[in-house]
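[1] Next one to model:
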Amino acid sequence: MISILLALAVAQTAGQATGHTSGLAPAQAGPLDIRADRLQRCIALVQTDPAAARAEAARWRIAGGRFAARECAGLAFAAEKAWPAAAGEFEEAARAAQLAKNAGAATYWAQAGNAWLAAADPAKARVALDSALTAGTLTGLPLGEAQLDHARALVATGDLESARTDIDLALTNAADDPLAWLLSATLARREGNPARAKKDIGEALRRSADDASVQLEAGNIAALAGDEDGARAAWGQAARLAPDTPVGRSAVTALKQFDGQASAPRPRAPIGR
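    Residues are numbered from 1 along each chain as shown. Next comes the predicted model:
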């Protein structure tokens, strides 16, 4: 999650430095350069000392940092995994940017949505991401990531049909993100579309074979197809990659169905996946 938030912040900073925040007309170069430089320093500090970054954000806000200072605070809270606090800061940044008629508000809404997903609150994530997407100012990878997060929120709230639309859009705008292919494969499996699931998990594996979540889902899809060897191999790899995580434990549980069996029956995906 924090990597996505930082990527959005870096893109936002680059836009501010050139005076082109998502198509916004350039303002005076001096203040823009100063704000972008201070945000870059905050981003660097977030990765080494989040508490110091929060303190810097507070000083900056008092000095008139407005939405950029709020974003700095949000990134610092995210680095500390204080997700509701991070989401709140990003939402305040978005509102302040909207009042200033700054098109970067959409990026802050997208960051808020990502943070609400990390906080396991998909309903609030959906509201924030609706604001990000309806603004119409996101393009390229930031747009794809927002579409992907919106799809995740829809899946979590049970709207699989709408989620498929968003994921397909995300695969166009964020095609290099293995998470997009993983979620598409998982959704295809849940939709009862094994051909699409197999194709998309192959794309995820091509991009991120060392991700335990990708390997777990590859095992699930192999199990759906009755491919015992494929399921064993993928679940085994997931267990090796992340032994002390929920993903790794799910893989171990799935593998137990083969214990003591010379020839296992049709493998089953882990419950709840």
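
[2] So which bits of stretch 91-105 are buried?
    In terms of neighbour count (16 or more other CB atoms under 10 Å), stretch 91-105 has its buried residues at 91-98, 102-105. Any C-beta I mention is one placed from the backbone N, CA and C, and that applies to glycine too.

[3] State the mean pLDDT of it.
    On average, the pLDDT along stretch 91-105 is 94.

[4] and what of stretch 171-178?
    Stretch 171-178 carries an average pLDDT of 95.

[5] ditto for stretch 113-122
    On average, stretch 113-122 scores 97.

[6] which one among the buried residues of stretch 91-105 gets closest to residue 207?
    residue 104 (28.8 Å; CB to CB).

[7] how much space between the closest one and residue 111?
    10 Å (CB to CB, to the nearest Å).

[8] In the stretch 101-250 of the chain, mark out all the strands, start to finish.
    With strands called from DSSP state E, counting those that start in this stretch, the stretch 101-250 of the chain shows none.

[9] got any ranges where it has weak pLDDT?
    Within the stretch 101-250 of the chain, no range satisfies pLDDT under 70.

[10] was I right about residue 197 contacting residue 181?
    No. With contact defined as CB atoms under 8 Å, residue 197 does not count as touching residue 181 (10.6 Å).

[11] CA atoms only: put stretch 102-119 into PDB for me.
    Once non-C-alpha atoms are left out, stretch 102-119 reads as follows in PDB (Å, rounded to 0.1, in the frame of the first residue of the first chain):
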ATOM      1  CA  ASN A 102      -6.000  22.500  -7.900                       C
ATOM      2  CA  ALA A 103      -6.500  19.500 -10.200                       C
ATOM      3  CA  GLY A 104      -4.200  17.500  -8.000                       C
ATOM      4  CA  ALA A 105      -7.200  16.900  -5.700                       C
ATOM      5  CA  ALA A 106      -8.000  13.700  -7.600                       C
ATOM      6  CA  THR A 107      -4.600  12.300  -6.600                       C
ATOM      7  CA  TYR A 108      -5.300  13.000  -3.000                       C
ATOM      8  CA  TRP A 109      -8.700  11.300  -3.200                       C
ATOM      9  CA  ALA A 110      -7.000   8.300  -4.800                       C
ATOM     10  CA  GLN A 111      -4.500   8.200  -2.000                       C
ATOM     11  CA  ALA A 112      -7.400   8.400   0.500                       C
ATOM     12  CA  GLY A 113      -9.100   5.500  -1.200                       C
ATOM     13  CA  ASN A 114      -6.000   3.300  -1.100                       C
ATOM     14  CA  ALA A 115      -5.500   4.100   2.600                       C
ATOM     15  CA  TRP A 116      -9.200   3.200   3.400                       C
ATOM     16  CA  LEU A 117      -8.700  -0.100   1.600                       C
ATOM     17  CA  ALA A 118      -5.600  -0.800   3.900                       C
ATOM     18  CA  ALA A 119      -7.800   0.100   6.800                       C
END
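
[12] For that stretch, what is the distance to the chain centroid?
    In terms of CA atoms, centre = their mean, to the nearest Å, the centre of stretch 102-119 is set 11 Å apart from its chain centre.

[13] likewise stretch 199-217?
    The chain centroid and the centroid of stretch 199-217 are separated by 16 Å under CA atoms, centre = their mean.

[14] what about residue 51, how many residues close to it?
    The tally of other residues near residue 51 (other CB atoms under 10 Å) stands at 11.

[15] Numbering from 40 from now on, please.
    Yep, numbering from 40; the last one is residue 90 now.

[16] ok, now how distant is it from residue 115?
    Distance from residue 90 to residue 115, counting by CB to CB: 7 Å.

[17] cool, residue 144 as well?
    The separation that residue 144 has from residue 115, given CB to CB, amounts to 20 Å.

[18] And for residue 279?
    Per CB to CB, residue 279 is found 34 Å from residue 115.

[19] So between these two, which is more surrounded?
    Neighbours per residue (other CB under 10 Å) separate residue 279 from residue 115, with residue 115 holding more: 27 against 12.
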